[in-house]
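Asker: Here is the input, now give the coordinates:
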Amino acid sequence: MDWHARISRRRRTSHVGSGDAMASTEGLLTGARSQRGWRFLRAAPLGGGLLTCCLCGRVVAQSAVAVPFVSRDTLSGALSLADALRAAMSTNPSLRIAREQVRIDRGSVTLARSAFDVALRSSLGSGRSDGLGFAPPATSESGTGIAALRSQTTEYAISAEKQFDRGLILIPSLSLTRLVQPSHSALAVNRAQANVTAIVPLGRNRGGGVVAVQQRSAEHALAASGFDQRQTLARVMMDVAISYWEYAATIEQLGALRYAESRAQTLVNETTELVAGDARPKSDLIQFRGTLASRRTQRIGAEQSVAEARQRLGIVLGLDPLAVLTLPPARMALVAGESPDATVTGPRDTVASVLDPDIRGRDWARQVVLEVLRVRPDLHAARARREASDAQLNAARNGLRAGVDLRVGAGVSGLDQGLALTAAAAPLLRNPRGMSVSIQLDYALPLLNLSARGALEQAEAGAAQARTIERDRVRQVEVALAVAAAGLFRSREALGNAALALQMAREVVENEKQKFRLGVSTQIDVVFAEDALTNALVNDIATRAAYATAVAALRLESGALAAVGEDPVALASLFRSDNELWRIP
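Answerer: A predicted model of the protein is given here:
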């Protein structure tokens, strides 16, 4: 058998025996596909750039890399994006902190409402006194007209105080008094009195400007913390998605480098056959063996990158150390949809084409910024905090006023005799006499009023600070929208070009190998072609990861993630696809 036949048989055996080794990470996680069965991605004009398209008609950004690093036994244990998002919702420390902050602010609202609780007060007392008094001579002990007087007094009082959020204070009260003097009468004297007092602030705290502000401010803070929780959830979900794509990309890059290592090993084996058949000089093996050693070094570095990416994802998920170290592999499966702007059909080598994504992103951001401002929870949080600061400012201004309170009271009293328990309240039922009305005006004015002035200065600074934060947040949202949109435009264009470069690199490798076998090319040409293919593979993976990051960034900036809430399946679909990416929720 001549060397051509031996090499051909080796090549066929290599393809058949390493069908799984020629499968991409996508294929290994969803079903192995051989390299010969791979459908190369083609470039299609879309959204101002080239977008990779599958022959099946759907636009799919997936790997064209052979990754012989995971066995079929581990396929069912692959970590899906929805699983990662679900795990982060329950274990991410930032989300836990945000939830507890909502509970803290809810407790603050309850504490602020305590100022308007009804305060009930009651007292019960009894006393006995033995004294001296003037009495008729017949009853006096010494005949001098002085006699011992014994009395027993029992008092019971109950009152309630209620402060309303408009500043009004109501104080109803009831008092019952029983006086027993055996020396005068065998019957007890019962006195009952009912009063109602109203305190109306006319100066400071008029309309509840001081006492009610704490509750309103706490309610605004609670609303702000709720919006912060939603924004934190959206941002954490974006961080999880980006870390997930990074982890998946490093796995695919490891597969690409292992594939490059296997190709380098195949070149060494084939060149050894050619040298044995006297078709190539023995010196050709030196270059190929050096390339193989270089590929092994790159593969070792990629394995460490996978471990580090796994660690970053586990930390974002909030997993314990053992779970982080045993995290299953991730897979990259992205589906790209339609773009709202398909005016540019291909890359153009002009300055205008470089600026075009920025201009289009800016124009789109200006069109949708009002809708985005309506749905972004962080903007609602900033607005709630500004409203709380305004309420504090109004209360501080109200605190500069003098304390002027009008007290209006009305009451009725009665008097009766009896020893029964029911006789204590009988005066109000049988003999309601002695109607009383009172009006009192209280005035208080601190001479320097330093406390109110200091509170006003703090409130003015806090309100100005809150307004600045709100305006700055609005400004940042519009800029972030424009940058995120431009990033997506560019990543789409890069996605198509990377797939095209990968296809061309594969063809160049096959051509150089064929020319090398025919003796019209050198091993340097083959090595350069293999290097270009490896770079194209790694670049294709990095481009798809960058595209996924661009999708996640625009989902966050447009408020779409916050609108979904805590639904990991819906969130995963948003991250995996850019369908309806331009529709603001």
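
Asker: Low-confidence ranges, this structure, go.
Answerer: 1-77, 131-149, 182-186, 334-355, 419-426, 431, 433-434, 578-585 (pLDDT under 70).

Asker: in terms of contact, does Ala529 touch Glu512 like I think?
Answerer: Yes - under the criterion of C-beta atoms under 8 Å, Ala529 makes contact with Glu512 at 4.1 Å. For glycine as for every other residue, the C-beta is placed from the backbone atoms N, C-alpha and C.

Asker: Count the residues that sit near the nearest residue to Arg216 once chain neighbours are set aside.
Answerer: Nearest residue to Arg216, sequence neighbours excluded (C-beta to C-beta, 6 or more residues apart in numbering): Ala391, at 4.9 Å. Neighbours of Ala391 under the rule other C-beta atoms under 10 Å: 22.

Asker: quick one, phi psi at Ala391?
Answerer: phi -70, psi -40 (degrees, to the nearest 10).

Asker: Tell me if I'm right that it and Gln214 touch.
Answerer: No - counting by C-beta under 8 Å, Ala391 does not reach Gln214; the two are 9.1 Å apart.

Asker: Got the phi and psi for Arg258?
Answerer: According to degrees, to the nearest 10, Arg258 has phi -70, psi -40.

Asker: Correct me if wrong: it contacts Gln298.
Answerer: No - assessed by C-beta under 8 Å, Arg258 is found out of contact with Gln298, at 9.5 Å.

Asker: neighbour-wise, which of these two wins?
Answerer: The neighbour comparison of Arg258 against Gln298 (other C-beta under 10 Å) goes to Arg258, with 22 against 19.

Asker: Look up how far Leu537 lies from the more buried one.
Answerer: Applying C-beta to C-beta, to the nearest Å, the value for Arg258 to Leu537 is 11 Å.

Asker: Could you list the buried residues of the helix or strand containing Arg299?
Answerer: Using DSSP states H and E, Arg299 sits within helix 284-317. Neighbour counts over helix 284-317 (16 or more other C-beta atoms under 10 Å) mark 284-285, 287-289, 291-292, 294-296, 298-299, 302, 305-306, 309-314, 316-317 as buried.

Asker: now swap in stretch 169-178 and tell me
Answerer: 169, 171, 173-178.

Asker: cool, stretch 397-412 as well?
Answerer: Per 16+ other C-beta under 10 Å, stretch 397-412 contains these buried residues: 397-399, 401, 404-405, 409, 411-412.

Asker: which one of the buried residues of stretch 169-178 sits closest to Leu222?
Answerer: Ile169 (26.1 Å; C-beta to C-beta).

Asker: Ala119 is in contact with the closest one, correct?
Answerer: No - applying C-beta under 8 Å, one finds Ile169 not in contact with Ala119, separated by 10.4 Å.

Asker: Report the set of residues contacting both of these two.
Answerer: 161-162 (C-beta atoms under 8 Å, 6 or more residues apart in numbering).

Asker: Which strand or helix spans Thr250?
Answerer: Judged by DSSP H and E, Thr250 forms part of helix 213-276.

Asker: Run the angle between that helix and helix 284-317 for me.
Answerer: 160 degrees (axes from the mean of the first three to the mean of the last three C-alpha atoms, to 10 degrees).

Asker: How far away from the center of its chain is helix 213-276?
Answerer: Counting by C-alpha atoms, centre = their mean, to the nearest Å, helix 213-276 is centred 18 Å from the centre of its parent chain.

Asker: gap between Arg310 and Tyr244?
Answerer: Taking C-beta to C-beta, one finds Arg310 at 11 Å from Tyr244.

Asker: Now the element after the biggest helix by length in the chain, going C-ward?
Answerer: When the chain is parsed with DSSP state H, its longest helix is helix 450-518. Counting by DSSP H and E, the next helix or strand C-terminal to helix 450-518 is helix 523-557.

Asker: Could you check the angle that following helix makes with helix 450-518?
Answerer: Going by the same axes, to 10 degrees, helix 523-557 makes 150 degrees with helix 450-518.

Asker: what helices or strands is helix 523-557 leaning on?
Answerer: Counting contacts by 3 or more C-beta pairs under 8 Å, 6 or more residues apart in numbering; DSSP states H and E, helix 523-557 is packed against strand 59-61, helix 213-276, helix 284-317, strand 334-336, helix 450-518, helix 568-576.

Asker: so who does the nearest residue to Gln465 once chain neighbours are set aside touch?
Answerer: Leaving out its chain neighbours, the residue that sits closest to Gln465 by C-beta to C-beta, 6+ apart is Ser389, at 7.4 Å. Under the criterion of C-beta under 8 Å, 6+ apart, the contact list for Ser389 reads 459, 462-463, 465-467.

Asker: closest to Gly125 among these?
Answerer: Using C-beta to C-beta, those come closest to Gly125 at Ala459, 45.7 Å.

Asker: Report the separation between that closest one and Gly208.
Answerer: 17 Å.

Asker: Out of the helices and strands packed on helix 523-557, which is closest to Glu100?
Answerer: helix 213-276 (9.8 Å).
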